[in-house]
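Student: one predicted model, sequence on top.
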Amino acid sequence: MKYKVHWLIDGLVEIDANDVDTAESVIKNKIENFIKDNAQFFEEVGAKAVQGQAYLPGSDEKNNGEF
């Protein structure tokens with residue numbers, strides 16, 4: 001019997017940058033290079049999309065990434 005498996009990867013990283021676009025670009029480039037270097041794996045697991053968004057920590061978050 002064949003089963004479909006839907007999976008997600010969620011992450012959070014702190015980037016020192018002067019603006020949102022630069023922060024997003026740093027991680028975007030790292031992820032794109034990782035995907036390119038591991039293309040066969042991503043094809044095998046059916047990866048379709050990667051997305052993310054940079055933001056400044058809110059008042060309910062500490063600046064060191066701890067919640």
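Tutor: Thanks, I have the structure now. Numbers count the residues shown, from 1 in each chain.
Student: quick one: the helices in the protein?
Tutor: Residue ranges of the helices in the chain, as given by DSSP state H, are 20-37, 39-44.
Student: low-confidence stretches in the protein?
Tutor: Across the chain, the ranges flagged by pLDDT under 70 are 59-67.
Student: returning to that earlier point: and of the helices of the chain, who's closest to Lys4?
Tutor: Lys4 sits nearest to helix 39-44 of all the helices of the chain, at 14.3 Å, using Cβ to Cβ. Every C-beta, even on glycine, is put in place using the N, C-alpha and C of the backbone.
Student: give me whichever of the helices of the chain is most buried.
Tutor: Scoring the helices of the chain by mean neighbour count under mean count of other Cβ atoms under 10 Å gives helix 20-37 as the most buried, with a mean of 13.
Student: who's in contact with it?
Tutor: The contact list for helix 20-37 (Cβ atoms under 8 Å, 6 or more residues apart in numbering) reads Val13, Ile15, Ala17, Phe42, Ala47, Val50, Gly52, Gln53, Ala54, Tyr55.
Student: how much space between Val20 and Trp7?
Tutor: Distance, Val20 to Trp7, by Cβ to Cβ, to the nearest Å: 28 Å.
Student: that older thread, got TSV for the helices of the chain, with distance to Lys2 too?
Tutor: Listed next are the helices of the chain as TSV, based on distance: least, Cβ to Cβ, whole Å:
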stretch	distance to Lys2
helix 20-37	25
helix 39-44	15
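Student: returning to what we had before: could the contacts of helix 20-37 be laid out in JSON lines, adding distance to Asn29?
Tutor: Putting the contacts of helix 20-37 into JSON lines (distance: Cβ to Cβ, whole Å) gives the following:
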{"residue": "Val13", "distance to Asn29": "13"}
{"residue": "Ile15", "distance to Asn29": "11"}
{"residue": "Ala17", "distance to Asn29": "12"}
{"residue": "Phe42", "distance to Asn29": "16"}
{"residue": "Ala47", "distance to Asn29": "17"}
{"residue": "Val50", "distance to Asn29": "12"}
{"residue": "Gly52", "distance to Asn29": "12"}
{"residue": "Gln53", "distance to Asn29": "16"}
{"residue": "Ala54", "distance to Asn29": "13"}
{"residue": "Tyr55", "distance to Asn29": "19"}
